[in-house]
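J.: here is my input, please return the structure:
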Amino acid sequence: MSVSALRHSLDGSEIGFDKLVAIGKGLGVELHADALRHCEASRAVFEAAVAAGQPVYGVTTGVGAMKGWVPGGDDCIRFNADLPKAHHFGIGDPLPSSAVRIAMAIRINAALTGRVGCSSRFVRAMADLLNANVTPVVRRVGSLGCADIGLMAQVGCALMGLGEVDYEGRRMAASDALTTAGLVPIELGPKDSLASISTNAIAVAMTVEAADRAARLLQILLALSVSAAASLGASPAPWEAASLNAPKEIERTGAWLHAVFRNWSWPTTQDVHDPLSVRMLAQVYGAVIERLRSLVAKLESASAYADDNPVAIEGRIITSGASLPLHIVLDVEALGMALAHVARSAFNLAVHLGNGRRHDLPVNLVPPGGIATGFGPLLKLAGDLCMRALHEAGPVSTTPLVVADGIEDELTALPYAVERIERQLKSLESQAAILAMMTAQAFDLKGTKPKGLSGVLHNYTRRNVGFYAADRVLSFELEELTRSLISSEGLALLVVVDPALDQLITGSGRHQGASPEVRTSSVDTNVIYATNRV
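T.: Take a look at the predicted model:
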């Protein structure tokens, strides 16, 4: 059964992280009947307030600096119908369709909590759009991270048959796609219009995608880092110490590192102790795993959170400040700082490999008697990538800014903070390829036959990049190796060989069961089993 033929039931409760990712990849949704009744109940609260002449922000009043304007009669109907158009101002490169799908699911699910006040008609229309794989084109620039109004409006307009969408692999006018898919544009009425734009669903979805990408990359980098340590003849003693005497995530990481050593017991050097970048792998990766897990928990919580203003609670309409996702952005920025430490760690390992001397490796990993410059120049690239990752770290959420006549004076810059994580991950992916190439060279120079996970990574690297015997062009090899390592096949290798690594990073082994692309990837099991024999 294809992913798109499946359905995940949305009922207003938290959506598991793996399900959010799967929805992005094509998993459909269905709406729980009880939750739809909750949605209708909150809608009735807003309708009663409007009928009673009660001013309701963004429904019977203007928004932002125009909150004091109260349109009446037909003007109110026209105002609500046009509200998404007024906020369709996002520019720049489109977000991946997967992120937009996740955002739509989050918006639907929050409405099903019974606190948003939108109609079930609006919720059904968005679910129909999602299940028909009609994905609004959402340009990524235009949110301060305090309700993604300029980004979500591009989704709201698509429901009305306006703007652009991706459908069956083609970008087209929303009106044409709706007709082709057998869907009908809807007119957004009171509160539906505001609900279609005033949420952080896009920023949360961007964060989900970045967190998933970070989890996959951390598996690859940690596996490569322990392999690099093995090629340097590192002692496993510090990892054993961490497994016995450390905070939880560091202890778990130390235990995993030490288990890798026990599985094939590589030759170690006789130094009193190894460099910090080797000894402290458990501390570096344990800390970043802790940050990642904290973020994932907040994202799951956000999937069932009505971040609207106003909201309906216990039969009342209440003004809300829920559109400030500061709790999420602080974890995003903390993850960015942690990833900077990973970048530095990976660079340091590359330097130790390239400098030679450790474990009697030759300088620049040049074969004895060879006429070559070797891997020395490659450290310039490694340094550039590390610097890029380091300088994307640091807070942006504290930037002061005031808009809307001074009443909107708080922000988080969450979408931009996530973009910085995305750029960090791109640099780290290339750092992983450099580390893989240099580690394979070091193993081959020493005549070491790595086993288990290190053996699989070595063979996988050699399938893409040959032994460095003489100077050659490396740009294309590095780019291809980067693509290969971060592919579904590359991740599947790690999951099949060492499920404990997946469990360590994700906490649930979700890559073993949640991603059909990983499960069905073409993995060379002969390579796996041959190198796994001890």
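
J.: pull the distance from stretch 35-51 to the chain's centre.
T.: From the chain centre to the centre of stretch 35-51 is a distance of 34 Å (CA atoms, centre = their mean, to the nearest Å).

J.: quick check: mean pLDDT of that stretch?
T.: Across stretch 35-51, pLDDT averages out at 94.

J.: what residues of it count as buried?
T.: Buried positions in stretch 35-51, judged by neighbour count with 16 or more other CB atoms under 10 Å: Ala35, Leu36, His38, Cys39, Ser42, Arg43, Val45, Phe46, Glu47, Ala49, Val50. All C-beta spots, glycine's among them, are computed from the backbone N, C-alpha and C.

J.: hmm, who's touching it?
T.: Contacts to stretch 35-51, defined as CB atoms under 8 Å, 6 or more residues apart in numbering, come from residues 10-12, 56, 59-60, 111-120, 123, 190-191, 312, 315-317.

J.: buried subset of the residues you listed?
T.: So, by 16+ other CB under 10 Å, the buried ones in those are 10-12, 56, 59-60, 111-120, 123, 190-191, 312, 317.

J.: distance of the residue nearest in space to the middle of the chain from Gln424?
T.: In the chain, the residue lying closest to the centroid (CA atoms, centre = their mean) is Ala210, at 1.8 Å. Distance of Ala210 to Gln424, computed by CB to CB, to the nearest Å: 9 Å.

J.: of the buried ones among the contacts of stretch 35-51, which belong to strands?
T.: Leu10, Ala312, Ile317 (DSSP state E).

J.: identify the bridge partners of the first one.
T.: If I follow you right, that is Leu10. Leu31 (DSSP bridges).

J.: also the second one?
T.: Judged by DSSP bridges, the bridge partners of Ala312 are Ile317.

J.: can you pull the contacts of it?
T.: Ser42, Val45, Phe46, Gly114, Arg115, Val116, Gly117, Ile318.

J.: can you lay out these as JSON lines showing distance to Leu361?
T.: Below are these laid out as JSON lines (distance: CB to CB, whole Å):
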{"residue": "Ser42", "distance to Leu361": "66"}
{"residue": "Val45", "distance to Leu361": "71"}
{"residue": "Phe46", "distance to Leu361": "70"}
{"residue": "Gly114", "distance to Leu361": "64"}
{"residue": "Arg115", "distance to Leu361": "61"}
{"residue": "Val116", "distance to Leu361": "61"}
{"residue": "Gly117", "distance to Leu361": "66"}
{"residue": "Ile318", "distance to Leu361": "66"}
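
J.: show me which pair in those is furthest apart.
T.: Farthest apart among the contacts of Ala312 by CB to CB are Gly114 and Ile318. That separation is 13.5 Å.

J.: the strand or helix carrying Leu83 - what's its average pLDDT?
T.: Assigned by DSSP states H and E, Leu83 falls within helix 74-86. In this model, helix 74-86 has a mean pLDDT of 88.

J.: tell me what it is packed against?
T.: helix 149-159, helix 192-197 (3 or more CB pairs under 8 Å, 6 or more residues apart in numbering; DSSP states H and E).

J.: residue with max distance from the center of this structure?
T.: Distance from the centre of the chain peaks at Gly369, with 46.2 Å (CA atoms, centre = their mean).

J.: can you tell me the element His327 falls in?
T.: Counting by DSSP H and E, His327 is found in helix 326-355.

J.: tell me the buried residues in that helix?
T.: 328-336, 338-354.

J.: tell me which helix or strand comes right after that helix.
T.: Helix 326-355 is succeeded, C-terminally, by helix 378-391 (DSSP H and E).

J.: buried residues in that next one, which are they?
T.: In helix 378-391, the ones that count as buried by 16+ other CB under 10 Å are Leu378, Leu379, Leu381, Ala382, Leu385, Cys386, Arg388, Ala389, Leu390.

J.: now distance to Ala181 and pLDDT too, for those, in CSV please.
T.: Output for these, formatted as CSV (distance: CB to CB, whole Å; pLDDT from 0 to 100):
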residue, distance to Ala181, pLDDT
Leu378, 49, 96
Leu379, 52, 97
Leu381, 46, 98
Ala382, 48, 98
Leu385, 43, 98
Cys386, 46, 98
Arg388, 41, 98
Ala389, 41, 98
Leu390, 46, 97
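
J.: which of these lies closest to Ser475?
T.: Leu381 (9.1 Å).

J.: the closest one contacts Leu435, correct?
T.: No. Leu381 lies out of contact with Leu435 (CB atoms under 8 Å); the separation is 11.9 Å.

J.: Ile407 reaches Val63, doesn't it?
T.: No. Taking contacts as CB under 8 Å, Ile407 lies outside contact range of Val63: 10.6 Å.

J.: more neighbours: the two, which one.
T.: The neighbour comparison of Ile407 against Val63 (other CB atoms under 10 Å) goes to Val63, with 21 against 10.

J.: next, give phi and psi for the more buried one.
T.: phi -120, psi 160 (degrees, to the nearest 10).

J.: which ones are touching it?
T.: So Val63 contacts Tyr57, Leu83, Leu194 (CB under 8 Å, 6+ apart).

J.: I'd like the residues you listed as TSV, with distance to Val418 appended.
T.: As requested, the contacts of Val63 are exported to TSV (distance: CB to CB, whole Å):
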residue	distance to Val418
Tyr57	28
Leu83	26
Leu194	24
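
J.: quick one: which of those is nearest Thr398?
T.: Tyr57 (27.3 Å).

J.: phi, psi of Thr135?
T.: Torsion angles, degrees, to the nearest 10, at Thr135: phi -110, psi 120.

J.: I'd assumed Pro96 was in contact with it.
T.: No. Look at Thr135 against Pro96 with CB under 8 Å: they stay out of range, at 9.4 Å.

J.: among those two, which residue is more densely surrounded?
T.: Between Thr135 and Pro96, counted using other CB under 10 Å, the more crowded position is Thr135 (25 against 17).

J.: could you report the pLDDT at that one?
T.: So, for Thr135, pLDDT stands at 98.

J.: which of the buried ones among the contacts of stretch 35-51 fall within helices?
T.: Judged by DSSP state H, the subset of the buried ones among the contacts of stretch 35-51 located in helices is Ala111, Ser120, Val123.

J.: okay then, goodbye and thanks.
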